[in-house]
Structures are given as structure tokens and as C-alpha cells.
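Trainee: I would like to see how this sequence folds:
(one chain, ligands or ions: 1)
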Amino acid sequence: MRIKRLDITGFKSFMERSVFTFDDGVTGIVGPNGCGKSNVVDSIRWVMGEQSAKNLRGRGMEDVIFNGSESKPPLSMAEVSLTFHVDETDTLPVHLSGLPEVTVTRRLFRSGESEYLINKTTCRLLDITELFLGTGVGTKAYSIIEQGRVGLIVSSKPEDRRNLIEEAAGVTKYKSRRKAAERKLEATQANLLRVTDITSELE
Ligand code: ATP
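Mentor: Residues are numbered from 1 along each chain as shown. You can find the predicted model right below:
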């Protein structure tokens with residue numbers, strides 16, 4: 001998967017709709033201090049499902065909504081869309097397979113209401129997380145390496161480094177599905193035990 005386009009409206013300093021296109025090769029974003037370069041990276045992290053306001057350099061999640069300037073009033077909604085070019089080797093969920101690109105969108109209203117969409121269809125946060133599992137893209141993957149993180153990776157514990165390698169090898173999604181299946185098994189076993197108790201009470 002390769003990022004193709006980023007569409008930001010009402011997110012942090014981006015009051016007006018701003019569209020960034022990413023061509024092949026390296027894209028650099030330059031500008032004076034405080035102009036919003038890191039906000040672009042925050043918006044990518046956010047649309048991929050980041051749940052921690054702290055990781056987005058805010059106190060609460062509503063801090064991502066444009067909160068006004070000297071001449072502009074605050075907005076009531078932030079919206080970010082990120083479009084990926086799909087490579088032949090990418091494995092997408094059945095309903096998305098064969099599509100040349102996928103767009104994920106996240107909206108947050110000041111009321112606290114939020115929405116996630118894949119190709120303009122409302123979905124769950126889980127669908128977005130699963131879409132990126134094993135691709136290296138995602139909030140906990142290696143696609144976003146902030147200042148200071150390179151040193152952190154080099155000096156991190158072997159288990160943490162292993163997580164990174166597992167994500168690169170595409171193993172994470174199977175581990176996560178296995179965990180979910182184990183949780184379901186445990187719940188089913190607990191239900192079975194309860195049914196056995198009830199039937200023996202009735203006999
Ligand atoms: P530097 O080069 O110093 O790292 P930068 O270009 O990365 O700076 P950012 O940190 O992305 O800059 O942007 C900071 C700016 O974003 C500040 O001016 C701050 O006021 C503005 N900002 C952050 N959140 C909001 C918000 N919710 N509404 C409006 N402006 C915001």
C-alpha cells in the first residue's frame with residue numbers, strides 16, 4: 001500500500017480544506033516553525049485510528065478540531081481522508097479486493113460524535129485497524145517514525161523489536177486474529193459451563 005492523497009479539513013491548524021498528493025519517490029514538507037508540518041503527520045496518524053490524544057500532542061481528542069484564530073471562529077468538525085494505492089501483493093478484505101485504491105476517512109464532531117469510513121461507507125474502527133494489519137501502515141506500525149524514534153528502536157527491548165519485525169513480515173494480523181479467536185473460545189467455554197450447571201440444576 002502506498003499513500004496517494006491526504007485530504008484535511010478542520011484538523012488542527014488546517015481550517016480550510018487542504019489536499020496533499022504523494023507521487024512516487026520521496027515527498028518533503030517544508031515550512032517555517034509552527035506552520036503545521038507536524039500537524040500533517042498527526043492527521044495521518046489520526047485517520048488511521050489513533051486513540052491517544054497525547055500521541056497527537058493534545059490533551060483531549062477535541063483538540064484536533066480547528067479551535068479558531070484571531071480572524072476565524074472555531075469549527076465544529078474535523079475530517080481527514082487518506083487514500084492508498086493498492087499494490088497487487090496487498091491482501092484486502094473480500095469486499096475491497098480488486099479495487100485500485102482505498103480511502104479511509106475519520107470525522108470528529110465537537111459533540112464528541114465520531115465516524116469512520118472506508119470508501120465512503122461507514123465502518124467500525126476495527127475494520128480500519130484490520131485493513132492495515134500486516135501492511136506496516138497503522139498507528140502502531142513502522143510507517144510513521146517520528147523524531148527520536150530511530151534511536152528508540154535501536155535501543156528497545158528485543159521483544160519490542162520483534163514486534164516491529166513481525167509487522168514487517170505480515171505476522172501481526174494472524175496473531176491478532178488468534179487472540180480474538182482465543183477470547184471467543186474462552187467465552188464459549190464459560191457459556192457451556194453455565195449451560196451444564198443449569199441443566200444439572202433442572203435434572
Ligand atoms: P516545528 O517546525 O516548530 O516543529 P511545525 O511546522 O511542525 O513546527 P506544528 O506543530 O505542526 O508546526 O503546528 C503548530 C501550530 O498548529 C501552532 O501554531 C498551533 O497553534 C496550531 N494548532 C494546533 N492545534 C490547533 C487547533 N486545534 N486549532 C488551530 N490551530 C492549532
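Trainee: Now the nearest residue to Asn55 once chain neighbours are set aside: phi and psi?
Mentor: In this structure, Asn55 finds its nearest non-sequential neighbour in Arg45, 6.8 Å apart by Cβ to Cβ, 6 or more residues apart in numbering. For glycine as for every other residue, the C-beta is placed from the backbone atoms N, C-alpha and C. Torsion angles at Arg45 (phi, psi; degrees, to the nearest 10) stand at phi -60, psi -40.
Trainee: Could you check how far Arg45 is from Arg57?
Mentor: Distance of Arg45 to Arg57, given as Cβ to Cβ, to the nearest Å: 10 Å.
Trainee: who has more neighbours, the two?
Mentor: Arg45 (18 against 12; other Cβ atoms under 10 Å).
Trainee: Against Leu192, how distant is Arg5?
Mentor: Going from Arg5 to Leu192 by Cβ to Cβ gives 49 Å.
Trainee: Compare neighbour counts for those two and give me the winner.
Mentor: Between Arg5 and Leu192, counted using other Cβ under 10 Å, the more crowded position is Arg5 (15 against 10).
Trainee: wait, doesn't that one sit right on Phe22?
Mentor: Yes: in this structure, Arg5 is within contact of Phe22 by Cβ atoms under 8 Å, at 7.0 Å.
Trainee: Start and end of stretch 67-75, how far apart?
Mentor: 6 Å (Cα to Cα, to the nearest Å).
Trainee: How about residues contacting that stretch?
Mentor: For stretch 67-75, the surrounding residues in contact (Cβ atoms under 8 Å, 6 or more residues apart in numbering) are 10, 15, 65-66, 110.
Trainee: Contact partners for the spatially most central residue of the chain?
Mentor: Geometric centre of the chain, nearest residue: Met48, 1.9 Å, by Cα atoms, centre = their mean. Met48 is in contact with 82, 104, 128, 132, 137-139, counting by Cβ under 8 Å, 6+ apart.
Trainee: same question, Arg106
Mentor: Contacts of Arg106 by Cβ under 8 Å, 6+ apart are 46-47, 49, 79-80, 114-117, 128.
Trainee: Weed out the non-buried ones from those residues.
Mentor: Among the contacts of Arg106, the ones that count as buried by 16 or more other Cβ atoms under 10 Å are 46-47, 49, 79-80, 116-117, 128.
Trainee: per the record, what domains does the protein have?
Mentor: 2-135, 174-203 (automatic domain parsing).
Trainee: so how far is the last one from its chain's centroid?
Mentor: Its chain's C-alpha centre lies 31 Å from the corresponding centre of domain 174-203 when counted by Cα atoms, centre = their mean, to the nearest Å.
Trainee: just the longest one next, same as before
Mentor: Shown here is domain 2-135, whose average C-alpha point lies 8 Å from the average C-alpha point of the whole chain (Cα atoms, centre = their mean).
Trainee: again with stretch 159-172
Mentor: When C-alpha coordinates are averaged (Cα atoms, centre = their mean), stretch 159-172 and its chain have centres 17 Å apart.
Trainee: in it, what's buried?
Mentor: 163-164, 167, 172.
Trainee: Contact partners for Ser176?
Mentor: So Ser176 contacts 130, 133 (Cβ under 8 Å, 6+ apart).
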